[in-house]
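>>> got a predicted structure here, sequence first:
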Amino acid sequence: MNKNLINTEKYLPKTASVLALLLLPVFTFAQSLKVAAAANLQGVIKVLQQDFERKTRIRIEPIIGSSGNLTNQIKNGAPFDIFLSADMSFPEELEKTGFTTSKPVVYALGSLIICSKQNLDLKNWGQLLQSSSVEKIALANPETAPYGKAAKEVLSQKKLLRKLQPKLVYGESISQVNIYLTTGVAQFGFTTEALIADISGKQKLYWERINPADYQPIKQGMVILKHAEKNPQAAQFFKYMQSAPAKSILKKYGYR
């Protein structure tokens, strides 16, 4: 064997190691965050996503559903990194059962409204809903959707729940309620104020804000999930959701 020839084989491991190190930032950068988001966030999460990605170049993949259904999916092993709930009870439940790496934090206060495609005076909505001309009133499932729970609380507080029960149409999530409202399937419905910003310039809805004193505050909470233990970018999004720019975006969508 020619002694002047270089045995390149002994350099292969080092070359492979260097190549791996060079590629590591690329793979890290390509990693995305799976964010389970309550259905009431369907419109605003896109705006938050764009703002966060522009600031950090970290990609967000939102998964939309009712808070209760998303909680069940997390318990069954769904690979989500962050959970943005429409209340605090579901994040607190996940923390107690060991599915989180952070304590629940309130990122927004939700606002409940009643709305319709019909141009009617909704200030006296309680009396209006009892009219024989009203056949369907939409609200989200109170068991899985916090906005549905708030709507049920309002109707109970006004002593209207039993009277209106035959007219009530339940959506699996607030997104389904919004479909009922925007398509006219239901004449009236209780939903999130964020819907008005979502459809701005596309469709006209008439609405009235429900007095916040008539229902328990809709404290929307978030947690970092166990799946994100090896994804440090989750903490960045968690911090972003508590920042002034995020709060400014949420405010434009009716959140307090």
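Looks like it arrived, so ask away.
>>> ranges for the strands of the stretch 101-250 of the chain?
Along the stretch 101-250 of the chain, counting by DSSP state E, counting those that start in this stretch, strands occupy 105-110, 112-116, 137-140, 168-171, 188-192, 206-209, 218-224.
>>> partner strands of the first one, with direction?
When you say that, I think you mean strand 105-110. Counting by DSSP bridges, the strands paired with strand 105-110 are strand 218-224 (antiparallel).
>>> what about the strand it pairs with, distance to the chain center?
9 Å (CA atoms, centre = their mean, to the nearest Å).
>>> quick check: angle from it to strand 188-192?
Angle, strand 218-224 to strand 188-192, by axes from the mean of the first three to the mean of the last three CA atoms, to 10 degrees: 40 degrees.
>>> mind listing what's buried in strand 218-224?
Neighbour counts over strand 218-224 (16 or more other CB atoms under 10 Å) mark 218-224 as buried. (C-beta placed from N, C-alpha, C; glycine too.)
>>> and which of those is nearest Ala246?
Met222 (10.9 Å; CB to CB).
>>> tell me the contacts of the closest one?
Residues in contact with Met222 (CB atoms under 8 Å, 6 or more residues apart in numbering) are 82-85, 91, 104-105, 107, 238, 241.
>>> taking these one by one, which sit in helices?
91, 238 (DSSP state H).
>>> and the contacts of Met222, which is closest to Val44?
For those, the nearest to Val44 is Leu84 (10.0 Å; CB to CB).
>>> right, and that closest one touches Lys34 too?
No - using CB atoms under 8 Å as the test, Leu84 is too far from Lys34 to be in contact (11.5 Å).
>>> more neighbours: those two, which one.
Neighbour count, other CB atoms under 10 Å: between Leu84 and Lys34, Leu84 has more, with 27 against 19.
>>> so Leu129 makes contact with Leu168?
No - with contact defined as CB under 8 Å, Leu129 does not count as touching Leu168 (10.0 Å).
>>> overlap of the contact sets of these two?
Counting by CB under 8 Å, 6+ apart, the residues touching both Leu129 and Leu168 are Ile137.
>>> pLDDT weak spots in the chain?
1-31 (pLDDT under 70).
>>> please enumerate the helices of it.
In the chain, the helices defined using DSSP H lie at 12-30, 44-56, 67-75, 89-96, 125-129, 146-157, 161-164, 174-183, 194-198, 233-240, 244-252.
>>> packing partners of the fourth one?
So the one you mean is helix 89-96. Helix 89-96 sits against helix 67-75, strand 82-84, strand 218-224, with contacts defined as 3 or more CB pairs under 8 Å, 6 or more residues apart in numbering; DSSP states H and E.
>>> the first one to helix 146-157, inter-axis angle?
It refers to helix 67-75. With the same axes, to 10 degrees defining the directions, helix 67-75 sits at 140 degrees from helix 146-157.
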